[in-house]
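K.L.:
Predicted model and sequence below, questions to follow.
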Amino acid sequence: MKSPQLATHIRLPLKVLYKSFMYLKRPVFLRFLLMTGVTPSCDVETRSNIITVNTLSWTTAIVAVCGPAFIYFFMSPERWVLIPGVIEALACLLVVYLNKLKQYRAATVIFYFLQCGAILYFGMAFDRNAGVQQMAFFLGGLALLLFKRWSSRIACFFLTLVTLYLLEFNYNNRFFPPLAGEELPVRSIVFPVILLLNFMVILLYEYSKDQKRKEAERMNKLLGLYMQKLSHEAGNSLNLLWGAIQAYMPADGAEESHIPVEDMEAMYVTCADLKQLSSNLLSWSKIQSGVPDSVYKQPLVLKDWLYSMVDAYQMLARQHSIRVMPDIADDLPPAILTDVNKLSRIVNNLLSNALKFTDKRSVIKLSAGCENGRLFISVTDHGPGIADDMKERIFELYVSQQGQLQVATGLGLPIALHWARSLGGDITLQTTKGYGSTFTLTMPIEEAIIPEKRNNPQHYRPFDDFVVLVVDDNNMSIRIARLAMEPLGIKVIGAETAEQAYNRIEQYYPNAVLLDLNMPHIGGREILEQLKADRQTRHIPVIISSASHELPEIGKADGVLAKPFKFADLYQLLDKFRPRQVVA
C-alpha cells in the first residue's frame, strides 16, 4: 500500500522540478532571474555583484524548498519541517526584489545575514553530525566575493565566527534540542549543498574576474580610439587658431592689425570648443578618481540666466547655420538656489551636443518650465534621432548618438547626467528616429531671493591708486589679467613664484592678490595660509583663481574666480575691495 503512495509522492515533485527546469532554460527567463536590478548605468563591479546576489538567492531559495521537501517525503512526516525552508525562500525572493528597487547594498547585507541565520537554525535543528557548520567555508568565500572593503569583510568574518560559536554553545548546552535520529541522513543532503554553494562562489568569482578583464580590455580599446579622435579634434581647432593668428599677425614695423568681426567670431567659437573639451576631460578625471561631489549653492536669476545661455550659443550656432530659440514659461520662479557652475555645465553639454548633431538651417529649442513642483530644462534638436537600441547606451562613456566613438558626445552626456544626479535631478531622453531628440533635465526647485545687482555691466567705474598682484606661474595668464584690468586704471604686478610674490607684496603692498591655486613647488593654498597667518598681510584680500572647472572651497580666501575668468565677475570681486572714500 505504501509503494503506490510513495511513488505518487515522488512523481509529483519530480514532475514540477522537470517543468521548472525546462522553463528556466529559456534565455529570456534566465536573464530576468539573474539580471533583475541591473541598469545601463551600473558599472561592471555593481553589475557583477547584482548577478552574484541574484544567482545565489535563487539557488538558496530552490535548495531551501527542495531540501526540507526531501526530508518531509523520505525522513520525517512532520509538516513543520517545510516551514523554515519556505520562510528562507521567501526571504531570498525579498533580496532579489531589493535589487530590483536598486537597494543593492541592503540586498547584499540582508543576504549575508540570511545565510548566517539559516546556518544557525538548521545547525541547531540537525545537530553537530549533520555538518551544517561547514557552511562557514561558503560564508568566508561569500564575504570576499560580495564586499570590497576590508572593514566589511572583517565584519562578515566576525559574524560568521559568532554564528559558529552560538552553534557550538548550543551543541554543548542543548538549549534547543535537535531532531532525534536524523543526523546521518541529513548529512547526505548537507554535504552536496555545501559543495554546490562553494562551487558557485568559485564560479561567480571567476565570472566577476572575467567580466572585469573584458571591461578593462574594452575600455583600453575605447580610450585609445577616443584619444585618437581627441587629438584630431583638438588639432583641427588649434590649426584653425594658428592659421588665423598668422594671417592677422602685424607685418614688420606695424603696431596694429584689424580683424574682421566674423573672423573674430570664428576664433571665439574655436576657443569655446577647446574650452568645452578641456572642461569635460577634467570633470571626467575627477569623477573617475572618486572625488566626492561638493554642491555650492547660490542664488540664480533663472530667466536672465536662461536667456544668457541662448545668447551665448547663438554665435556658436551661426557658424553651423542654426538658430537657438528660447521657450521660457512665465511660471518660473524669479530666482532659485542651486550650484550655478554645475547647472551651467549641464546645459552647456546638452546645447553643445545638440549643435553637433542638428541639421544645418534648422532650429535648436531651449525650453524651461515647472511641472509637479520640479524645474525642467529641455534641449530639442532636429538631428537624425537615436535608434531604439541606443537609448539605454547613450549616457555611457565614449558613446555618441550614432553609437560610434566620437568626441562630440563621448563625455558630455555622461558628465551632464552625473552632475544632474548630484543636484538631486535626472536627465531623460525622448527621440524619434529621423526627426530629432529632446534631452530634459528635471530637478527640485529651491526658491531664493533675487540677489541685488551691484553694478551695471555696461558701465565700469575706474579705480584710483589700486594695485593688484597676480601670482601665476604662467606668464600668459598674467598678461591676460593685465589686459583686463589696466583699462580700468588698475596697476597690475606679476609674480611667477611664491618667493617673487612675497617680495612684490613687501615692495608694493597691493590692494588685492589674484592667486593661482595650482602653483609649482609652493602651491596656492600654502601661499594663502602664509599670507593670512602674517599680521602685516592678513588684511590683504586674496582671490583664488582656478582652472579646474570646479570652484574649490577655500575657507580663508576672500573670493574664488574660475579661469578663464569673465570680465564682469573679476570686476565685481575687485569692486568689493575698492577703498572706501571718507566723507568729511
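P.N.:
Yep, that arrived.

K.L.:
Could I get the full set of strands for the stretch 251-400 of the chain?
P.N.:
298-301, 323-328, 335-338, 363-371, 374-380 (DSSP state E, counting those that start in this stretch).

K.L.:
er, the chain I mean
P.N.:
Applying DSSP state E to the chain gives strands spanning 298-301, 323-328, 335-338, 363-371, 374-380, 426-432, 436-444, 466-471, 490-495, 512-516, 542-546, 559-562.

K.L.:
For the fifth one, name the packing helices and strands.
P.N.:
Translated: strand 374-380. helix 340-357, strand 363-371, strand 436-444 (3 or more CB pairs under 8 Å, 6 or more residues apart in numbering; DSSP states H and E). Just so you know, the C-beta spots here come from the backbone N, C-alpha and C atoms, and that holds for glycine as well.

K.L.:
tell me the most buried of these?
P.N.:
Counting by mean count of other CB atoms under 10 Å, helix 340-357 has the highest mean neighbour count of the helices and strands packed on strand 374-380, with a mean of 22.

K.L.:
still on that earlier bit, now the weakest link among the strands of the chain, please, by mean pLDDT.
P.N.:
Lowest mean pLDDT within the strands of the chain: strand 559-562, at a mean of 82.

K.L.:
helices and strands of this protein: which one bottoms out on pLDDT?
P.N.:
Within the chain, no helix or strand scores below helix 407-410, which has a mean of 46 by mean pLDDT, DSSP states H and E.

K.L.:
Would you map out the domains in this structure?
P.N.:
35-217, 298-444, 466-576 (automatic domain parsing).

K.L.:
would you turn these into CSV with distance to Met264?
P.N.:
Formatted as CSV, the domains of the chain follow (distance: least, CB to CB, whole Å):
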stretch, distance to Met264
domain 35-217, 41
domain 298-444, 10
domain 466-576, 15
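
K.L.:
between those domains, which one is nearest to Leu238?
P.N.:
domain 298-444 (13.9 Å; CB to CB).

K.L.:
how far does that closest one stretch from start to finish?
P.N.:
15 Å (CA to CA, to the nearest Å).

K.L.:
from memory Ile543 sits against Asp575, does it?
P.N.:
No: counting by CB atoms under 8 Å, no contact exists between Ile543 and Asp575, whose distance comes to 12.0 Å.

K.L.:
Quick check, pLDDT for Trp150.
P.N.:
pLDDT at Trp150 comes out at 88.

K.L.:
ugh, wrong one, I meant Met249
P.N.:
73.

K.L.:
quick one: contacts for it?
P.N.:
Ser257 (CB atoms under 8 Å, 6 or more residues apart in numbering).

K.L.:
For it, grab phi and psi.
P.N.:
Taking degrees, to the nearest 10, you get phi -70, psi 130 for the backbone angles of Met249.

K.L.:
For Gly494, name its beta-bridge partners.
P.N.:
Val470 (DSSP bridges).

K.L.:
so it touches Ile478, yeah?
P.N.:
Yes: counting by CB under 8 Å, Gly494 touches Ile478, with 3.9 Å between them.

K.L.:
Can you check which residues contact both of the two?
P.N.:
By CB under 8 Å, 6+ apart, the residues touching both Gly494 and Ile478 are Val470, Asp472.

K.L.:
mind checking which of the strands of the chain is nearest Ala568?
P.N.:
Comparing the strands of the chain by CB to CB, strand 559-562 comes nearest, at 11.3 Å.

K.L.:
Give me the distance between that closest one and the centre of its chain.
P.N.:
How far strand 559-562 lies from its chain's middle: 25 Å, per CA atoms, centre = their mean, to the nearest Å.

K.L.:
So what does Gly373 have for phi and psi?
P.N.:
Torsion angles, degrees, to the nearest 10, at Gly373: phi 70, psi 10.

K.L.:
does Val560 have beta-bridge partners, and which?
P.N.:
Under the criterion used (DSSP bridges), Val560 bridges to Ile544.

K.L.:
mind checking how far it is from Arg479?
P.N.:
Distance from Val560 to Arg479, counting by CB to CB, to the nearest Å: 22 Å.

K.L.:
about what we covered before: need the winner for burial among the strands of the chain.
P.N.:
It is strand 512-516: most buried of those by mean count of other CB under 10 Å, with a mean of 25.

K.L.:
Just checking: what are the partner strands of that strand?
P.N.:
Counting by DSSP bridges, strand 512-516 is paired with strand 466-471 (parallel), strand 542-546 (parallel).

K.L.:
what residue is smack in the middle of the chain?
P.N.:
Closest to where the C-alpha atoms of the chain average out (CA atoms, centre = their mean) is His418, at 4.1 Å.

K.L.:
Kindly provide the distance from it to Arg174.
P.N.:
58 Å.

K.L.:
One more: Leu94?
P.N.:
From Leu94 to Arg174 the distance is 32 Å (CB to CB).

K.L.:
One more: Ile50?
P.N.:
41 Å.

K.L.:
Looking at the two, which one has more neighbours?
P.N.:
Ile50 (24 against 10; other CB atoms under 10 Å).

K.L.:
The more buried one is in contact with Thr39, isn't it?
P.N.:
No: with contact defined as CB under 8 Å, Ile50 does not reach Thr39; the gap is 9.2 Å.

K.L.:
what touches both of these two?
P.N.:
With CB under 8 Å, 6+ apart, Ile50 and Thr39 have no common neighbours.

K.L.:
Turn the strands of the stretch 251-400 of the chain into a markdown table, columns for distance to Ala448.
P.N.:
Shown next, in a markdown table, are the strands of the stretch 251-400 of the chain (distance: least, CB to CB, whole Å):
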| stretch | distance to Ala448 |
| --- | --- |
| strand 298-301 | 4 |
| strand 323-328 | 18 |
| strand 335-338 | 4 |
| strand 363-371 | 15 |
| strand 374-380 | 12 |
